[in-house]
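Asker: Model the following, please.
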Amino acid sequence: MKKLKILFADDDLKYSLILKRFLEREGYDVTYCGNGQRAWEQFAVVDPDLVLLDINMPGLNGFEVAGRIREVDSRVLIFFLSDRSDKADRLQGFQLRANDYLAKPFYPEELLARIRERFSSPLAGEGTDELYHIGRSVFNYSSNEIRTDSQKVLITSRQAEILRLLAQRPGSMVNRDTLLECVWGSNSYANSLALNVQITYLRKALKNDPTLRIESLMKKGYVLSEG
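Answerer: The predicted model follows:
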């Protein structure tokens, strides 16, 4: 099986080498960069499956690196690893279409669990897939994939969790608090803002199917409408 390639950028050398060795022992191919400029230069060379970015780095900071990456690649997964954990930083990270944001300090095992969750796939054939037929599309929750005719769109695991809840109740409102508790674990203000951002991305992901739309209802919740 092909090794998952990770591009990891952080200016804390001692901490970074420990985390790099940990990930390599788990079977990942990790390229380490000590600053943001180097990470951006290595992005096209490495062609990673996942980018791990600290925010406070010399040269280019993590937000700037993520912004440049998203200009050329909308699908690679980006995780921010930072001691900046206030809601403004988290929101900025998600606005840059980051897929996750881990506040330091964290256990390496927590990062490992999140990586495995993002890149997990069914072990058997199609019978193990959790499929939802919505509009003219098929949403495969197991692989984070939306197929509309011959077109395929991959979404993040967090977006898949949201769409799953909506697809389980097509035509019915799903309360915002329900979405926040099920997907983020709390209905905090920061998570509420993040939900707004993820709904925007989901609407874009569904644009290939004109029969589908996600409607907002008086700031109370969302409805996946068909037809």
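
Asker: contacts and neighbour counts: CA atoms only from here.
Answerer: Will do.

Asker: residue ranges for the helices of this structure, please.
Answerer: 13-25, 36-46, 62-72, 87-95, 108-119, 157-167, 176-183, 189-205 (DSSP state H).

Asker: Tell me what angle the first one forms with helix 108-119.
Answerer: Here helix 13-25 points in a direction 50 degrees away from that of helix 108-119 (axes from the mean of the first three to the mean of the last three CA atoms, to 10 degrees).

Asker: Could you pull up the mean pLDDT of helix 13-25?
Answerer: For helix 13-25, the mean per-residue pLDDT is 92.

Asker: circling back to that earlier point, save the helices of the chain as a markdown table, and put in mean neighbour count and distance to residue 130 too.
Answerer: Shown next, in a markdown table, are the helices of the chain (neighbours: other CA atoms under 10 Å; distance: least, CA to CA, whole Å):
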| stretch | mean neighbour count | distance to residue 130 |
| --- | --- | --- |
| helix 13-25 | 14 | 29 |
| helix 36-46 | 17 | 33 |
| helix 62-72 | 18 | 29 |
| helix 87-95 | 17 | 27 |
| helix 108-119 | 14 | 15 |
| helix 157-167 | 20 | 10 |
| helix 176-183 | 17 | 17 |
| helix 189-205 | 16 | 18 |
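
Asker: so which of those helices gets nearest residue 227?
Answerer: helix 157-167 (13.9 Å; CA to CA).

Asker: Other residues contacting that closest one?
Answerer: With contact meaning CA atoms under 8 Å, 6 or more residues apart in numbering, helix 157-167 is reached by 99, 117-118, 132, 134, 141, 144, 173-174, 179, 183, 198-199, 201-202, 222-224.

Asker: could I have it exported to PDB, CA atoms only?
Answerer: Extracted C-alpha coordinates of helix 157-167, given in PDB (Å, rounded to 0.1, in the frame of the first residue of the first chain):
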ATOM      1  CA  SER A 157     -15.000  14.300   7.000                       C
ATOM      2  CA  ARG A 158     -16.600  17.100   9.000                       C
ATOM      3  CA  GLN A 159     -18.700  18.100   5.900                       C
ATOM      4  CA  ALA A 160     -19.700  14.400   5.500                       C
ATOM      5  CA  GLU A 161     -20.900  14.300   9.100                       C
ATOM      6  CA  ILE A 162     -23.100  17.400   8.500                       C
ATOM      7  CA  LEU A 163     -24.400  16.100   5.100                       C
ATOM      8  CA  ARG A 164     -25.100  12.700   6.700                       C
ATOM      9  CA  LEU A 165     -27.400  14.200   9.300                       C
ATOM     10  CA  LEU A 166     -29.200  16.200   6.700                       C
ATOM     11  CA  ALA A 167     -29.500  13.300   4.300                       C
END
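
Asker: From residue 202, how far off is the residue positioned nearest the centre of the chain?
Answerer: The centroid of the chain falls nearest to residue 99 when counting by CA atoms, centre = their mean (2.4 Å). Going from residue 99 to residue 202 by CA to CA, to the nearest Å gives 13 Å.
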